[in-house]
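A.B. asks: predicted model and sequence below, questions to follow.
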Amino acid sequence: MPKFLMNRWQNLHTIFSYILFFALIIVMFVYEWIIAVVALVIGCVLLLLSIRADKTFHKDLHDYVMTLSHRVKKAGNEVIHELPIGMVLYDEEKKIEWHNPYIAQMLNKESVIGESVNDIFPVFEEEDENAEYDVFIHDQHYQVLKKNEERLIYFTNITDYKNLIVKHEEEKPAMGIIMMDNVDEATQGMDDKTRSLILAKVISELTEWSNQYGLYMRRISSDKFLMMMNQKILEALEGSRFDILDTVRDMTADLKIPLTLSIGISSGEDHLVELGSIMQTSLDIALGRGGDQAAIKSGQNLKFYGGRSNAVEKGTRVRARVISHALRELIRESENVMIMGHIYPDMDSIGAAIGLLKAARLSDKQGYIVLEDVNPAIQSLMDEVENHELLKQSFISPEQALQLIDKQTLVCVVDTHKASMVPEPRLLQIAQRIFVVDHHRRSEEFINEPTLVYIEHYASSTCELITEILQYFHDKISLDKLEATAMLAGIVVDTKSFSLRTGARTFEAASFLRRNGANSSTVQRMLKEDLHEYLQQIEIIKNAKIVYDHIAIAVAKPNHKNSQLIIAKVADTLLNMTDVMASLVISERPDGKVGLSARSLGEVNVQILMERMGGGGHFSNSGAQIEGSVEEVKERLEQVLSETIKEEGLLK
């Protein structure tokens, strides 16, 4: 307890004692006045001493308070001047009235008093009430708290904190897997010595690449490698756009079929088990898109690099046989089968659906094809179906499908793998068995948890895949004439009469269909063009121009609506022009959206371009449907085209 407080307590005790003492003296005057006088003198002396002590107490108290106030004021000044926090006071005209030394040190100036706050700190131009900012001044990061009412600004240096966050993000783990996706095809016919030398050369290049970027790589099978890295290394790999893909492909370019790599990488998760699962999914997506590319999944984001080479047709049909047998068991376990393609179906979509309908009937199951609207692309085929009693009864609307479906129904999706592209997505939510068959490169959007998936991006069409499945589905299969013709029409349309994306297996599938009664004359009649539609195509072609020496862009006139079929036909026609490697066609559609169709001869990967425009498709056959005006889409396409050519090297 401070000394003056102790004195105060003692003084109170003394006063009380004096009161009692003088009371006793008064009593003593009655009985013994001499003693009382002596006691009175003594009491007066003691009282004077007490008064003096009390004055001393008040003086000590005043001195202590003054000393304490000075110490507090001095400590406050030292805190304001020495605390590593900047403080600025400004007036109503935004002129700086005062700041502590930290501000001068922060700005590398002796003083900024009298200068405008907005000139020194432009971030404060807007009149916000008590607001917080993050600013960057002289390589230092500051958190700023602005209090308008007090006209006071605080600056706190958070550079170390920000650096720690960056370091934490850079050191987050990432996992990857590399697969040599066409080893058997690339080394087919080689002797063991040559094959070993080729693989050793590729592995040596991979090892040198991993050492260059500081990632850990371990071979886990004859054609797979596991990678461990952090986020910083992954960003460096993305900065190089995974040049190892081009290195390996170019290194083996002298082979009949160049060896390519597929890479799947996962990041953004803290748990290694989740990273491993996502890593495998990323690899599946890369393979599903044709290989020769890297797929990186971080959280909800999925990015792709590479994908400049077309898919290589596999010489073996083992997978087609396995899928056929698995599909047969799925159909047998189901009560009925519902088949649907994509919205605005084409010949390939309807032909593949008719092929799967045949598979359902071979298994003695009731099958249905879900069709919303008949568009010009399939009108001629549907006219033939109208005259076929059995097929006619199998086409139902989405509303009818919702009434017929149950949990024992098998839903088959053909010519697409996106839930948003089917005529009735609710069927996929109800069904517990889903079969997906497609020939387009796999995109980020994919049907949730399908039971069976058959995606072969090398295939010319979905009809080709279904034809191969049917060959293994039953020992003695016999197709109806219209069924075979519909599937052949699908192949003819998607291959542009066997001129694009056509392999040996495409001709084998077509031969099988011809042996089963497919009529090429009927196909030709189905594909005849209407004169009015042809003139519409000519109007669009008149506006075509060549950019980057080999890419044709045609834009229809505003307010001139054309069907997606016409837009696609214009893109196909432009490919026949001299020196044109790719064609891009833009036009308004009857539904109000802007249709964008992209085609190439295999030298340009138009899928990458269309994915950046919000669409997708095949390596040489892609498209998109976009909200907005024709001019807006044109400007955006030109910008994306410029960026893609610069980043991806779109033109080989």
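C.D. replies: In hand now; what should we look at? Numbers count the residues shown, from 1 in each chain.
A.B. asks: show me what the helix or strand hosting I165 is packed against.
C.D. replies: I165 belongs to helix 159-170 when assigned by DSSP states H and E. Under the contact criterion of 3 or more CB pairs under 8 Å, 6 or more residues apart in numbering; DSSP states H and E, helix 159-170 touches strand 140-147, helix 231-239. Every residue, glycine included, has its C-beta placed from N, CA and C.
A.B. asks: can you dump the C-alpha atoms of the following helix or strand past it in PDB for me?
C.D. replies: Using DSSP H and E, the helix or strand that follows helix 159-170 towards the C-terminus is strand 173-180. Presented in PDB, the C-alpha positions along strand 173-180 are these (Å, rounded to 0.1, in the frame of the first residue of the first chain):
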ATOM      1  CA  PRO A 173       0.700 -30.900 -50.900                       C
ATOM      2  CA  ALA A 174      -0.200 -31.900 -54.400                       C
ATOM      3  CA  MET A 175      -0.200 -35.400 -56.000                       C
ATOM      4  CA  GLY A 176      -0.100 -36.500 -59.500                       C
ATOM      5  CA  ILE A 177       0.100 -39.500 -61.700                       C
ATOM      6  CA  ILE A 178       1.700 -39.800 -65.200                       C
ATOM      7  CA  MET A 179       0.600 -42.500 -67.600                       C
ATOM      8  CA  MET A 180       2.100 -43.500 -70.900                       C
END
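A.B. asks: how far does stretch 607-619 sit from its chain's centre?
C.D. replies: 15 Å (CA atoms, centre = their mean, to the nearest Å).
A.B. asks: so for it, mean pLDDT?
C.D. replies: Across stretch 607-619, pLDDT averages out at 82.
A.B. asks: and for stretch 498-514?
C.D. replies: For stretch 498-514, mean pLDDT rounds to 89.
A.B. asks: can you pull the buried residues of that stretch?
C.D. replies: 500-503, 505-506, 509-510, 512-513 (16 or more other CB atoms under 10 Å).
A.B. asks: which one of those residues is nearest to V604?
C.D. replies: L500 (12.8 Å; CB to CB).
A.B. asks: got phi/psi on the residue lying closest to that closest one once chain neighbours are set aside?
C.D. replies: Closest residue in space to L500, ignoring its immediate chain neighbours: S620 at 6.4 Å, by CB to CB, 6 or more residues apart in numbering. The phi/psi pair for S620 (degrees, to the nearest 10) reads phi -120, psi 10.
A.B. asks: could you check the distance from S620 over to L226?
C.D. replies: 33 Å (CB to CB, to the nearest Å).
A.B. asks: of the two, who's got more company?
C.D. replies: S620 (20 against 16; other CB atoms under 10 Å).
A.B. asks: need the contact list for that one.
C.D. replies: By CB atoms under 8 Å, 6 or more residues apart in numbering, the residues touching S620 are 310, 500-501, 599-602, 604-606.
A.B. asks: over to E110?
C.D. replies: Each residue near E110 by CB under 8 Å, 6+ apart is listed here: A104.
A.B. asks: ends of stretch 369-383, what's the gap?
C.D. replies: 16 Å (CA to CA, to the nearest Å).
A.B. asks: before we move on, what about stretch 569-580?
C.D. replies: First-to-last distance for stretch 569-580 - CA to CA - comes to 15 Å.
A.B. asks: pLDDT of that stretch, averaged?
C.D. replies: Mean pLDDT, stretch 569-580: 89.
A.B. asks: for that stretch, the distance to its chain's centre please.
C.D. replies: 33 Å.
A.B. asks: neighbours of I113, just the number please.
C.D. replies: By the criterion of other CB under 10 Å, I113 has 15 neighbours.
A.B. asks: what's the answer for L272, then?
C.D. replies: 12.
A.B. asks: which residues sit in contact with the closest residue to it other than its chain neighbours?
C.D. replies: Among residues not flanking L272 along the chain, P173 sits closest, at 6.9 Å (CB to CB, 6+ apart). Contact analysis of P173 by CB under 8 Å, 6+ apart lists 228-230, 267, 270, 272, 275.
A.B. asks: which among those end up buried?
C.D. replies: Burial by neighbour count, 16+ other CB under 10 Å: within those this picks out 228-230, 267, 275.
A.B. asks: would a markdown table of those with pLDDT, secondary structure and distance to Y472 be doable?
C.D. replies: Converted to a markdown table, the buried ones among the contacts of P173 look like this (pLDDT from 0 to 100; DSSP: H, G, I helix; E, B strand; the rest coil; distance: CB to CB, whole Å):
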| residue | pLDDT | secondary structure | distance to Y472 |
| --- | --- | --- | --- |
| M228 | 94 | strand | 41 |
| M229 | 94 | strand | 42 |
| N230 | 93 | strand | 47 |
| S267 | 91 | strand | 40 |
| L275 | 90 | helix | 38 |
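A.B. asks: how about CSV for those residues, with distance to L527 added?
C.D. replies: Listed next are these as CSV, based on distance: CB to CB, whole Å:
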residue, distance to L527
M228, 53
M229, 51
N230, 55
S267, 48
L275, 49
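A.B. asks: just the closest of the residues you listed to T495, please.
C.D. replies: Nearest to T495 among these is S267, at 39.2 Å by CB to CB.
A.B. asks: so how far is H342 from the residue nearest to I378 when sequence neighbours are not counted?
C.D. replies: Distance criterion CB to CB, 6+ apart; nearest residue to I378, sequence neighbours excluded, is I350 at 5.2 Å. Here I350 is placed at a distance of 10 Å from H342 (CB to CB).
A.B. asks: who has more neighbours, these two?
C.D. replies: A side-by-side neighbour count of I350 and H342, using other CB under 10 Å, places I350 first with 28 against 20.
A.B. asks: in a helix, the more buried one, correct?
C.D. replies: Yes. Assessed with DSSP: H, G, I helix; E, B strand; the rest coil, I350 lies in a helix.
A.B. asks: can you name the residues that contact it?
C.D. replies: 341, 369, 371, 378, 381-382, 486, 490 are the contacts of I350 under CB under 8 Å, 6+ apart.
A.B. asks: cool, K224 as well?
C.D. replies: K224 is in contact with 177-180, counting by CB under 8 Å, 6+ apart.
A.B. asks: could you redo the last one with a cut-off of 6 Å?
C.D. replies: Neighbouring residues of K224 by CB atoms under 6 Å, 6 or more residues apart in numbering: M179.
A.B. asks: mind exporting the C-alpha coordinates of the helix or strand containing Q105 to CSV?
C.D. replies: Using DSSP H and E, Q105 sits within helix 101-107. Provided in CSV are the C-alpha atoms of helix 101-107 (Å, rounded to 0.1, in the frame of the first residue of the first chain):
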residue,chain,number,x,y,z
PRO,A,101,7.3,8.9,-36.5
TYR,A,102,6.3,5.5,-37.8
ILE,A,103,4.4,7.1,-40.8
ALA,A,104,7.5,9.1,-41.8
GLN,A,105,9.6,5.9,-41.6
MET,A,106,6.9,4.0,-43.6
LEU,A,107,6.9,6.6,-46.4
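A.B. asks: list the buried residues of that helix.
C.D. replies: Buried residues in helix 101-107, defined by neighbour count with 16+ other CB under 10 Å: 102-103, 106-107.
A.B. asks: tabulate those in JSON lines, adding columns for distance to L565.
C.D. replies: Formatted as JSON lines, the buried residues of helix 101-107 follow (distance: CB to CB, whole Å):
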{"residue": "Y102", "distance to L565": "70"}
{"residue": "I103", "distance to L565": "68"}
{"residue": "M106", "distance to L565": "66"}
{"residue": "L107", "distance to L565": "66"}
